[in-house]
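In: could you look at this predicted model? Sequence included:
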Amino acid sequence: MLDIPVFIDRSSYESQPLGRTEWIKLYGAMLDKEEEAADFFASQASVVENLKDFQNTEKTVAFFYINTSGAAVVRNPEDYISNMIELGGARNAFRDLQDDSGKTSVPITMEQFYDTAEDADYLIYNASIDSTVKTLDDLLAKDSMFADYKAVKEGNVWTTEKSMYQATDKIAQFTNDINLLVTGGDPDQMVFLRKLS
């Protein structure tokens, strides 16, 4: 009725990290900046390309947050974040999760989460959704059982930067963050991850 064009961005439903970034080409076409968009996409593609021959470490990463109902919310194994974990040289701890809902985020009980993530090499708390976890004590306040997790005992608990989901343009950098994580690289070079203490 108001003659206002409406465009719905579905980039968060992509299964590959570069699928999200590729949307910049569409915006480039809309704004008559196709060449600049293609160049930028190529620069981000090189981040993933640089890791194509990296042999997976087989270290496991549990990427999650705790929702207001007290359930753990993990990523669908076909999701782009799960794929970035794999591309970065680790294994998604929930890669065998069976979920046919088509949703990118999958709530599971804390018992289910414990059964899979207790022995994960790394925990990554998704502060893009729940930014209340800023320290290990904050995580333990969510559920005291976290004290029994291997990653907590070994000091391998990390959190994402709050605006990670909005960073469509540089989301491929998360792949590099994972690689730095599992190879003991310099945390100062990470874009989206911060270690909890």
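Out: Alright, I've got the coordinates.
In: the residue nearest to residue 163 when sequence neighbours are not counted and residue 118, how far apart?
Out: In space, and not counting its chain neighbours, residue 163 is closest to residue 128: 7.0 Å by CB to CB, 6 or more residues apart in numbering. Where C-beta positions appear, they are placed from N, C-alpha and C, glycine not excepted. Using CB to CB, to the nearest Å, we find residue 128 at a distance of 24 Å from residue 118.
In: what of residue 29?
Out: Residue 29 is 47 Å from residue 118, by CB to CB.
In: which of those two has more neighbours?
Out: Shown here are residue 29 and residue 118; by other CB atoms under 10 Å, residue 118 has more neighbours (16 against 12).
In: you'd agree the more buried one is up against residue 147?
Out: No - in this structure residue 118 lies outside contact range of residue 147 using CB atoms under 8 Å: 11.0 Å.
In: okay, now the unreliable bits of the protein?
Out: Counting by pLDDT under 70, the chain contains low-confidence ranges at 102.
In: mind listing the strands for the chain?
Out: Along the chain, the segments classed as strands by DSSP state E run 59-66, 72-75, 90-92, 105-108, 122-125, 157-160, 193-195.
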